[in-house]
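Undergrad: Below: sequence and its predicted model.
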Amino acid sequence: MSEDPLHADLLIKNARIFNPFTSEWDQEILAIRDGYVLGYGSDYSGSKEIDLKGARIVPGLIDAHVHIESSLLTPAEFGRLVLSHGTTTVIADPHEIANVAGIKGIQAMMNDAERTPLDIFFMLPSCVPATPLDSAGAALNADDLSPLRSDRRVIGLGEMMNVPGVLCRDPEVLKKIALSTIVDGHAPMLSGAALDQYIRSGIQSDHECITPEEAKEKLRKGMYIFMREGAAARNLRDLAPIADCRTAPRCAFATDDRHADMLMDAGSIDDCIRIAVDSGIEEEVAIRMATLSAAERFGLHDRGALSPGRIADFVVLDSSPVFTVRRVFKQGEEIKGGAYTPPIPLKTEFSCSLPEMPDLRIHGTGPARVIAIIPGQITTSEEIHDVIGENLPDTHNDILKAVVCDRYLRQGFGLGLVRGFGLKSGALAISVSHDSHNIVAVGADDADIISAISGNGGV
């Protein structure tokens, strides 16, 4: 007996459904079968019905660019968290773990991603190490990455941050770009003829814009713009003026790097929508950017809208006027939390030489280059300050010592000056440090700097 074409597994009734093709809210009955949208209207019957009593629903939200590792969660736990906020698909660049563990790290992320209902698509990391001058745990060339292209979860090449390599037409860089027809960019403040050449190389998107003028130029030249709102870099409010019904098809949202606490408290792409609306973007434009725009950028034509034949990923909104997720459905099934899944172990070498007190001394008096932190940005600026070496760190003027220790080959450390931390005593050190994840320490006292580095694995 043939299947009744009008019979659904699930009917969603009395819902206002957002249509990203027209940016309208349709009052329709939504029919779902086998995890896909069967169609709309009263012609359909269903084995099960849910009456949403006039609630609004939108397609599952899509994060156009994220490093899952930055959440400090495994893909399975990351999925458990962001699904609760309505994000049903993410485009992940495992750039961070690749810089630590190479191909083995990428495969570990892919394997763990199978343990979550969240759809995780992967971009191949294009810059491992991030720069030729960096000391990382791996070095991946195009031939190393090429075997991964056949994996169904791999959909493109991740952010090409080696701008000099692109502009100089480095053969290895161009070989990586040729691995895929979908290539993400990373080109902060690139403009004019240099930007033209960068785009001509085959790079199509950018998530590093910090001003509307920068974003407009890249948009006019055909790039997709991902408005980023992460833990450290928060650019969405500044870029909001470029988003309207005309530009929405070329704009999407990206969290890039969000820690677990921020994901828990503020949310994921749902938070981006709230910030966008608060910044003057029409809600319908923001939702379109968070759904269909991101799907179309990556050729994911099976999602991004609740239209016939597409995956039935959708979010039921609260009655509040502020965009608030109440219920989440993945392939027609409601997501209701889930149990913790222990991580699959991944072992990597950790070997670091500990600096000694004499190593951190700075001698002499005169002008010195100081790295200045820009709040809410990952970019920094250069400042010149007159310093007295023996008086450093100088907490009065907020000029502290910064130390970077190689964690892979025991090749030593680098020493510099930084302003903007505001530390008056003590020190901070971390081995989660983009992009190569060597140990980075900042402190107001040399002994405390060494102690902090030692606590992060220095021997």
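TA: Everything's here; your move. Numbering: from 1, shown residues only.
Undergrad: can we go C-alpha only for contacts and neighbour counts from here?
TA: Noted.
Undergrad: Any regions of the stretch 1-150 of the chain where pLDDT drops low?
TA: The stretch 1-150 of the chain contains residues with pLDDT under 70 at 1-2.
Undergrad: could you point out which element follows the lengthiest helix in the chain?
TA: Of all the elements of type helix in the chain, the one with the most residues (DSSP state H) is helix 95-113. Moving toward the C-terminus from helix 95-113, the next helix or strand (DSSP states H and E) is strand 119-124.
Undergrad: Going along the chain, name the helices of the chain.
TA: Here the chain has its helices, by DSSP H, at 75-83, 95-113, 142-145, 163-167, 171-177, 192-200, 212-220, 236-239, 260-265, 269-278, 283-288, 294-297, 446-455.
Undergrad: Run through who's touching the last one.
TA: Same thing as helix 446-455. Outside helix 446-455, the residues that touch it by C-alpha atoms under 8 Å, 6 or more residues apart in numbering are 354-357, 360, 393, 426-430, 439-443.
Undergrad: Top of those by number of neighbours, please.
TA: Highest neighbour count within the contacts of helix 446-455: Val442, with 29 neighbours (other C-alpha atoms under 10 Å).
Undergrad: Inside strands: which ones of the contacts of helix 446-455?
TA: Counting by DSSP state E, the part of these found in strands is 427-430, 439-443.
Undergrad: residues touching the nearest residue to Ala444 once chain neighbours are set aside, list them.
TA: Leaving aside its chain neighbours, Ala444 sits nearest to Ser425 (5.0 Å; criterion: C-alpha to C-alpha, 6 or more residues apart in numbering). Contacts for Ser425 (C-alpha under 8 Å, 6+ apart) come out as 443-445.
Undergrad: residues near Asp170, how many?
TA: Neighbour count for Asp170, taken as other C-alpha under 10 Å: 12.
Undergrad: mind checking the backbone torsions on it?
TA: Dihedral angles of Asp170 (phi, psi; degrees, to the nearest 10) stand at phi -60, psi 130.
Undergrad: what pLDDT does it get?
TA: Reported pLDDT at Asp170 in the predicted model: 97.
Undergrad: before we move on, the earlier item: any figure for the gap between the residue nearest to Ala444 and Arg361?
TA: 17 Å (C-alpha to C-alpha, to the nearest Å).
Undergrad: Check Ile242 too.
TA: 48 Å.
Undergrad: Pick out whichever of the two has more residues nearby.
TA: Ile242 (18 against 15).
Undergrad: Once you drop chain neighbours, what's closest to that one?
TA: Nearest residue to Ile242, sequence neighbours excluded (C-alpha to C-alpha, 6+ apart): Pro212, at 6.3 Å.
Undergrad: so what's the one you found up against?
TA: Neighbouring residues of Pro212 by C-alpha under 8 Å, 6+ apart: 238-242.
Undergrad: ok, now His65?
TA: Contact analysis of His65 by C-alpha under 8 Å, 6+ apart lists 90-93, 226, 253-256.
Undergrad: Next: Arg419.
TA: Per C-alpha under 8 Å, 6+ apart, neighbours of Arg419: 370-373, 398-400.
Undergrad: Who wins on neighbours among the residues you listed?
TA: In terms of neighbour count, Leu400 stands highest of the contacts of Arg419 at 28 neighbours, by other C-alpha under 10 Å.
Undergrad: mind checking how far it is from Asp9?
TA: As for Leu400, its distance to Asp9 is 63 Å (criterion: C-alpha to C-alpha).
Undergrad: can you check Thr365 too?
TA: For Thr365, the distance to Asp9 equals 77 Å [C-alpha to C-alpha].
Undergrad: just Leu417 next, same as before
TA: As judged by C-alpha to C-alpha, Leu417 and Asp9 stand 63 Å apart.
Undergrad: swap in His67?
TA: Distance, His67 to Asp9, by C-alpha to C-alpha: 36 Å.
Undergrad: now the strands for the stretch 1-150 of the chain?
TA: For the stretch 1-150 of the chain, applying DSSP state E, counting those that start in this stretch gives strands covering 7-19, 24-33, 36-40, 45-51, 56-59, 61-66, 87-92, 119-124.
Undergrad: tell me what the fourth one is packed against?
TA: Spelled out, that is strand 45-51. In terms of contacts (3 or more C-alpha pairs under 8 Å, 6 or more residues apart in numbering; DSSP states H and E), strand 45-51 is packed against strand 7-19.
Undergrad: ok, the strand it packs on: who's next to it in the sheet?
TA: Strand 7-19 pairs in its sheet with strand 24-33 (antiparallel), strand 45-51 (parallel), strand 56-59 (parallel), by DSSP bridges.
Undergrad: Adding distance to Glu383 and mean neighbour count, write those out as a markdown table.
TA: Formatted as a markdown table, the strands paired with strand 7-19 follow (distance: least, C-alpha to C-alpha, whole Å; neighbours: other C-alpha atoms under 10 Å):
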| stretch | distance to Glu383 | mean neighbour count |
| --- | --- | --- |
| strand 24-33 | 50 | 20 |
| strand 45-51 | 61 | 14 |
| strand 56-59 | 47 | 25 |
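Undergrad: tell me the phi and psi of the residue lying closest to Phe421 once chain neighbours are set aside?
TA: Once flanking residues are discounted, Phe421 sits nearest to Asp398: 7.2 Å by C-alpha to C-alpha, 6+ apart. When read as degrees, to the nearest 10, the backbone of Asp398 gives phi 60, psi 40.
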